[in-house]
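Visitor: Generate a structure from the sequence data that follows.
(one chain, ligands or ions: 2)
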Amino acid sequence: MSIKVKFWGVRGSIPCPGPKTMKYGGNTACIEIRFPEINRLIIIDAGSGLRELGNFMMANDFKNGPINTDIFLTHTHWDHIMGFPFFTPIYVPGSTLRVYGPVSFEGDTLEKVVGGQLTYRYFPVRQAELAAQIEYFDLKEGEIDLGDGITVTAKYLNHPLLCLGYRIAWRGKTVCTAYDTEPFRNVFCTDPEDPSYDEGMASEGELVAQEQNNVLEQFFSGVDLLVHDSQYTQEEYLAKFLGWGHSSFEHAVATAERAGVKALALFHHDPMRSDDQIDSLSKKYCVRAGEGDTEIFFAREGAEREI
Ligand SMILES: [Zn+2]
Ligand SMILES: [Zn+2]
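Guide: Residues are numbered from 1 along each chain as shown. Ligands and ions are numbered 1, 2, ... in the order given. Model prediction:
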């Protein structure tokens with residue numbers, strides 16, 4: 001009994017194909033989570049990596065019958081939905097897709113946000129012309145029973161747009177995604193020299209941030225595989241990217257280790273980061289299986305893991 005996880009896109013922000021990103025890959029977020037024994041497949045995110053996954057499914061799964069799958073979107077930033085119009089199964093009669101994800105603005109349904117990419121303004125095919133049966137579910141925090149013993153628990157992360165982490169559990173095995181997110185911070189002024197400083201507010205803010213970070217750690221405590229946002233080094237994060245909604249390697253590693261995570265995949269690589277740079281960062285941050293309590297590795301497009 002096993003869950004197979006395959007990375008089809010590991011980049012953040014924008015696809016970045018080219019000679020500098022051949023090893024780790026240039027496609028944006030898309031993860032295949034497969035349950036071979038019960039013939040089920042869940043997809044997390046519809047970044048540009050979804051196109052190749054769709055081609056793979058048409059060449060392999062389709063031989064055994066029409067495509068029937070669940071797609072969970074972490075959020076609707078473009079790098080996480082841009083692959084949807086290029087997912088071949090949406091054009092094939094008999095395909096059944098259930099698309100789940102959070103929506104930030106009332107009145108904008110998930111169908112409008114994701115399917116809205118399929119309008120003549122952006123794309124030659126309209127949503128109404130798709131052959132597949134597609135159902136959309138606007139998600140909030142909570143647990144979903146997908147049948148066959150699979151549960152998916154959704155939890156809000158810390159990102160400028162409403163964004164969900166997912167914890168997928170089946171027969172005692174667990175995979176968790178926590179991206180795009182950055183650590184919760186004190187939202188009140190912490191500088192005693194600043195005229196707006198208030199000691200009570202500052203310590204209350206500190207407490208709330210700590211509590212929220214603890215809740216998130218609890219969410220992925222003990223999982224077999226955690227896929228965590230780690231776009232920056234701590235130095236880069238503090239110098240330039242506070243509030244951008246992404247984490248540092250240092251934060252991802254520390255939080256995974258405290259939570260007793262078995263394996264941590266560093267994910268949502270900065271598009272500016274070359275293979276050589278990731279290789280040298282690997283020397284600093286990665287821990288091989290058996291060397292420490294938490295195995296740590298950089299997610300690579302095409303890599304598969306069995307848990
Ligand atoms: Zn992103
Ligand atoms: Zn985002």
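Visitor: Which residues of this structure lie near ligand 1?
Guide: G12, D79, D180 (C-beta under 5 Å from the ion). Glycine gets a C-beta too; all of them are placed from N, C-alpha and C.
Visitor: Just these: which are in strands?
Guide: Secondary structure from DSSP state E places none of the residues of the chain next to ligand 1 in strands.
Visitor: and ligand 2, which of these reach it?
Guide: D180.
Visitor: burial of the residue lying closest to G116 once chain neighbours are set aside, as a residue count?
Guide: Spatial nearest neighbour of G116, excluding adjacent residues (C-beta to C-beta, 6 or more residues apart in numbering): Q127 at 7.7 Å. Q127: 17 surrounding residues under other C-beta atoms under 10 Å.
Visitor: Pretty sure Q127 sits against V114.
Guide: No: assessed by C-beta atoms under 8 Å, Q127 is found out of contact with V114, at 9.0 Å.
Visitor: quick one: secondary structure of F184?
Guide: coil (DSSP: H, G, I helix; E, B strand; the rest coil).
Visitor: wait, is F7 part of a strand?
Guide: Yes: remark: F7 belongs to a strand, assigned using three-state DSSP.
Visitor: and it, what are its bridge partners?
Guide: Taking DSSP bridges, one obtains I31 as the residues bridged to F7.
Visitor: wait, what's in contact with the residue nearest to G116?
Guide: E111, G115, G116, L118, T119 (C-beta atoms under 8 Å, 6 or more residues apart in numbering).
Visitor: circling back to that earlier point, quick check: of the residues of the chain next to ligand 1, which has the highest neighbour count?
Guide: Highest count within the residues of the chain next to ligand 1 by other C-beta under 10 Å belongs to D180, 27 neighbours.
Visitor: The closest residue to ligand 2 within the stretch 1-150 of the chain: what's it in contact with?
Guide: The nearest approach of the stretch 1-150 of the chain to ligand 2 comes at H77, 3.5 Å away (C-beta to the ion). Under the criterion of C-beta under 8 Å, 6+ apart, the neighbours of H77 are L161, D180.
Visitor: how close does it get to H268?
Guide: 11 Å (C-beta to C-beta, to the nearest Å).
Visitor: CA-only coordinates of stretch 228-241 in PDB, if you can.
Guide: Taking Å, rounded to 0.1, in the frame of the first residue of the first chain, the C-alpha atoms of stretch 228-241 are listed here in PDB:
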ATOM      1  CA  HIS A 228       7.000  23.600   1.600                       C
ATOM      2  CA  ASP A 229       7.500  27.000   0.100                       C
ATOM      3  CA  SER A 230      11.200  28.000   0.100                       C
ATOM      4  CA  GLN A 231      11.700  30.600  -2.500                       C
ATOM      5  CA  TYR A 232      14.500  32.500  -0.700                       C
ATOM      6  CA  THR A 233      17.500  32.300   1.600                       C
ATOM      7  CA  GLN A 234      16.800  33.900   5.000                       C
ATOM      8  CA  GLU A 235      19.200  36.700   4.000                       C
ATOM      9  CA  GLU A 236      17.300  37.500   0.800                       C
ATOM     10  CA  TYR A 237      13.900  37.200   2.600                       C
ATOM     11  CA  LEU A 238      14.900  39.700   5.300                       C
ATOM     12  CA  ALA A 239      16.600  42.100   2.900                       C
ATOM     13  CA  LYS A 240      13.900  42.300   0.200                       C
ATOM     14  CA  PHE A 241      10.900  40.000   0.400                       C
END
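Visitor: Could you tell me which residues of the chain lie near ligand 2?
Guide: Checking the chain against ligand 2 by C-beta under 5 Å from the ion, the hits are H77, D180.
Visitor: Give me the most central residue, the chain.
Guide: In the chain, the C-alpha closest to the average C-alpha coordinate belongs to Y179, at a distance of 4.6 Å (C-alpha atoms, centre = their mean).
Visitor: Quick one: residues contacting it.
Guide: Taking C-beta under 8 Å, 6+ apart as the contact definition, Y179 lies against A29, T74, L157, G165, V227, H228, D229, S247, F267, H268.
Visitor: wouldn't the second one be in contact with Y156 here?
Guide: No: the pair T74 and Y156 does not pass the contact test of C-beta under 8 Å, sitting 10.8 Å apart.
Visitor: The two - which one has more neighbours?
Guide: Higher neighbour count among T74 and Y156: T74, with 31 against 17, using other C-beta under 10 Å.
Visitor: Can you classify that one by secondary structure?
Guide: coil.
Visitor: Would you map the helices across the stretch 1-150 of the chain?
Guide: 50-59, 110-115 (DSSP state H, counting those that start in this stretch).
Visitor: residues contacting the residue in the stretch 151-300 of the chain that ligand 1 sits nearest to?
Guide: Closest approach between the stretch 151-300 of the chain and ligand 1, counting by C-beta to the ion: D180, at 4.4 Å. Applying C-beta under 8 Å, 6+ apart to D180 gives the contacts G12, T74, H75, H77, H80, L157, H159, C163, D229, G245, H246, H268.
Visitor: I appreciate the help and will end here.
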